[in-house]
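K.L.:
everything below, folded, please.
(one chain, ligands or ions: 1)
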Amino acid sequence: MSLLTVGTVAFDAIETPFGKTDKIIGGAATYASLAASYFTKNLGLVSVVGDDFPDESIKMLNNHGIDTEGLEIRQGEKSFFWSGRYHNDMNTRDTLATELNVLETFNPVVPEKFKACDFLMLGNLSPEIQMAAMGQIPERPKLVVLDTMNFWMDIALEDLKKAIAKVDVLTINDMEARQLSGEYSLVKAAQKILDMGLKYLIIKKGEHGALLFDNKSVFFAPALPLEDVFDPTGAGDSFAGGFIGYLAKTQDISFDNMKRAIIFGSAMASFCVEKFGMERLIGLSQDEVDERVQDFIDLVQFDISLV
Ligand code: AMP
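P.N.:
Just a heads-up that it's a prediction; the model follows:
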């Protein structure tokens, strides 16, 4: 197994200034694995849903090469449900509802065939469950990436800090970096968060791009200025999926390759926001992905000669 993703598979209801959806398919692991599927087809998913989750959505994941043997389907129970409303800036949102449902008693079981994974994506989920899944992998993967959000900082900070100390890369947004570190400056925040036991930290800044830090260096990737942003839900997860998917494809975890991976992650996030839910992330062609990455290269390329 090249890449194993653990995280939520969910129903979402989203409101943006452009419209409103009923319950649609969402979830951190769904977005992350779909984004990663454009880079590697050797993908496993560990999560839980209720019997309300549609079969055709599971088939859609399988069609993208995602093995769902680790997706537990609980009869008589409801899937995780999240609802959010975006502000006019489309960068900030209010959570209207988080109904844990099946997640409340979820005990992740990593199938035997997923245990020898090279890359592990611990998508947004309770840190206790993230750690329970990681604890079942006998040999440490080449790279473990953990994504989280303010919700878990509010209700499970101590567990989250323990989880952070065990992984290699953390991805959070700028507000979460400030909350976690108590520092306003993102440079100071990054230093404090890296000191929690990480090798790398990625701070996502929505339409303002993303920063990659290690103890010595920092790298910045822009977000693509898009004409239409319909729904930012899942952008962070798609970013993380594209990032780790590219690393899994290239099997190179140097800082220089992570810079490239951040561009691929940003490209997948840019697709995600163009339509509601995961509509745009389904069935992309290789040409579309390549062209989008080229747009990023063109966006930041310039010549300067300092004489
Ligand atoms: P993002 O916009 O990248 O933060 O991801 C949004 C996705 O995360 C949605 O599809 C939700 O189903 C999922 N989500 C929202 N809240 C949580 C939570 N507390 N834990 C795990 N996943 C969540």
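
K.L.:
count the residues that sit near the residue in the stretch 101-250 of the chain positioned nearest to the ligand.
P.N.:
Per CB to the nearest ligand atom, residue 236 is where the stretch 101-250 of the chain lies closest to the ligand, at 3.0 Å. Every residue, glycine included, has its C-beta placed from N, CA and C. A count of nearby residues for residue 236, using other CB atoms under 10 Å, gives 27.

K.L.:
for it, give me its contacts.
P.N.:
With contact set as CB atoms under 8 Å, 6 or more residues apart in numbering, residue 236 has these partners: 124, 147, 171, 173, 204, 269.

K.L.:
isn't the fifth one right next to residue 177, touching?
P.N.:
So that's residue 204. No. In this structure residue 204 lies outside contact range of residue 177 using CB atoms under 8 Å: 9.1 Å.

K.L.:
skip the chain neighbours and tell me the closest residue to residue 288.
P.N.:
residue 271 (7.8 Å; CB to CB, 6 or more residues apart in numbering).

K.L.:
what do you get for residue 121?
P.N.:
residue 5 (4.3 Å).

K.L.:
could you do residue 138 as well?
P.N.:
Residue 138 sits nearest to residue 115 (CB to CB, 6+ apart), 6.1 Å away.

K.L.:
any idea how far the one you found is from residue 1?
P.N.:
The gap separating residue 115 from residue 1 is 8 Å, by CB to CB, to the nearest Å.

K.L.:
so which of these two has more stuff around it?
P.N.:
Taking neighbours as other CB under 10 Å, residue 115 and residue 1 compare with residue 1 leading, 21 against 14.

K.L.:
contact partners for that one?
P.N.:
Applying CB under 8 Å, 6+ apart, the residues contacting residue 1 are 42, 43, 44, 113, 114, 115, 116, 117, 118.

K.L.:
centre of the chain to the helix or strand where residue 238 lies, how far?
P.N.:
Element membership for residue 238 (DSSP states H and E) is helix 235-250. Distance of helix 235-250 from the chain centroid (CA atoms, centre = their mean, to the nearest Å) equals 8 Å.

K.L.:
so residue 146 makes contact with residue 165?
P.N.:
No. Using CB under 8 Å, residue 146 is not in contact with residue 165; the gap is 10.4 Å.

K.L.:
higher neighbour count, these two?
P.N.:
Neighbour count, other CB under 10 Å: between residue 146 and residue 165, residue 146 has more, with 27 against 10.

K.L.:
tell me which helix or strand the more buried one sits in.
P.N.:
Going by DSSP H and E, residue 146 is part of strand 143-147.

K.L.:
restrict that strand to CA atoms and write it as CSV.
P.N.:
The C-alpha coordinates for strand 143-147 follow below in CSV (Å, rounded to 0.1, in the frame of the first residue of the first chain):
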residue,chain,number,x,y,z
LEU,A,143,6.0,10.1,6.2
VAL,A,144,3.0,10.8,8.4
VAL,A,145,1.0,13.9,7.7
LEU,A,146,-1.7,15.1,10.2
ASP,A,147,-4.4,17.5,9.4
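
K.L.:
which strands or helices does it pack on?
P.N.:
Under the contact definition 3 or more CB pairs under 8 Å, 6 or more residues apart in numbering; DSSP states H and E, strand 143-147 sits against strand 119-122, strand 169-173, helix 235-250.

K.L.:
with distance to residue 102 and mean pLDDT added, can I get these in JSON lines?
P.N.:
JSON lines is the format used below for those (distance: least, CB to CB, whole Å; pLDDT from 0 to 100):
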{"stretch": "strand 119-122", "distance to residue 102": "18", "mean pLDDT": "98"}
{"stretch": "strand 169-173", "distance to residue 102": "24", "mean pLDDT": "98"}
{"stretch": "helix 235-250", "distance to residue 102": "19", "mean pLDDT": "98"}
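
K.L.:
could you redo these as a markdown table and give each row distance to residue 302?
P.N.:
Below are the helices and strands packed on strand 143-147 laid out as a markdown table (distance: least, CB to CB, whole Å):
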| stretch | distance to residue 302 |
| --- | --- |
| strand 119-122 | 33 |
| strand 169-173 | 28 |
| helix 235-250 | 24 |
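
K.L.:
can you say which of these is nearest to residue 35?
P.N.:
Closest approach to residue 35 among the helices and strands packed on strand 143-147 (CB to CB): helix 235-250, 3.1 Å.
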